[in-house]
Structures are given as structure tokens and as C-alpha cells.
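S.K.: Quick one, fold the following:
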Amino acid sequence: MAKQTTVTLVDDLDGSEADEQVEFALDGKSYEIDLSSANVKRLRAALDPFINAARRAPSRRSGSSVARPTSDREQNQAVREWALGQGMKISERGRIPTNVLEAYRKNH
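M.R.: Next up is the predicted model:
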């Protein structure tokens, strides 16, 4: 019997289906949130006046390469399905843990 697992990304704000993972930083802390297109527009509109008045800070890059989560929805779904098939515990929504992403990349 074939088994098919479907993973749906859920908007962290209102529980609707999310279309995008958005990364942002404030006070030296980085955040990631899953949002629908409508909520992405709301977030960007709310931040626009501050972004327009701000100046860009220099990029803070470390010497080592850091695995970054992909924002591609299908890729995230593939990673989650693979992880579940490997017996890994992974949530249906939110950030995919770095160790899961690294294991997926090593096997693909």
C-alpha cells in the first residue's frame, strides 16, 4: 500500500495556509515566520516607514558557512516528508531544524 504524507505550511499569525517564510531581524536577534501572502503584505507595509528612514547596516558574516533554511515551499515539504520517512520528529509547520536540513542535504 502506498503512503502519501502531505505537509501544509500554516500562517503563524492567523492559522490560514502560509505562502512564504519571512526572515527579519531586530535588536540583534533574527526571526523567521510563516505567513500568508496577505500577512506578508501587512508586515511589509507596517515596516516600510521604518525601513525607509533607516540606513542599511553592514552585513555580519562569519567565516564559516551556515546552513540556511530555504524559503521554497515545495523544498520544505520534501524535507519534512523525507525526515518523517527517516523516523525523525519534525513539526508540520515552522522552522525546519538545522540538523534535519543538513541530514537531508547529505542524502540528496
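S.K.: So the residue most central in space within the chain versus residue 93, what's the distance?
M.R.: Against the mean C-alpha coordinate of the chain, by C-alpha atoms, centre = their mean, the closest residue is residue 21 at 4.2 Å. Taking C-beta to C-beta, to the nearest Å as the measure, residue 21 and residue 93 are separated by 10 Å. C-betas here are computed from N, CA, C, even on glycine.
S.K.: And for residue 82?
M.R.: If you measure residue 82 against residue 93 using C-beta to C-beta, the figure is 17 Å.
S.K.: Now list whatever residues contact both of residue 21 and residue 93.
M.R.: 9, 34 (C-beta atoms under 8 Å, 6 or more residues apart in numbering).
S.K.: mind listing the strands for the protein?
M.R.: Applying DSSP state E to the chain gives strands spanning 20-26, 29-35.
S.K.: Mind listing the residues bridging to the residue nearest to the centre of the chain?
M.R.: Counting by DSSP bridges, residue 21 is bridged to residue 34.
S.K.: Give me the pLDDT value at it.
M.R.: Listed pLDDT for residue 21 reads 92.
S.K.: now do residue 1
M.R.: Confidence score, pLDDT, at residue 1: 81.
S.K.: repeat for residue 46
M.R.: 97.
S.K.: Residue 95 versus that one, what's the distance?
M.R.: Distance from residue 46 to residue 95, counting by C-beta to C-beta: 22 Å.
S.K.: the longest helix in the chain is where?
M.R.: Ranked by residue count and defined by DSSP state H, the top helix of the chain is helix 37-53.
S.K.: Any chance you could list what contacts it?
M.R.: For helix 37-53, the external contacting residues (C-beta under 8 Å, 6+ apart) are 11, 13-14, 19-20, 22, 24, 33, 35.
S.K.: That'll do, ta.
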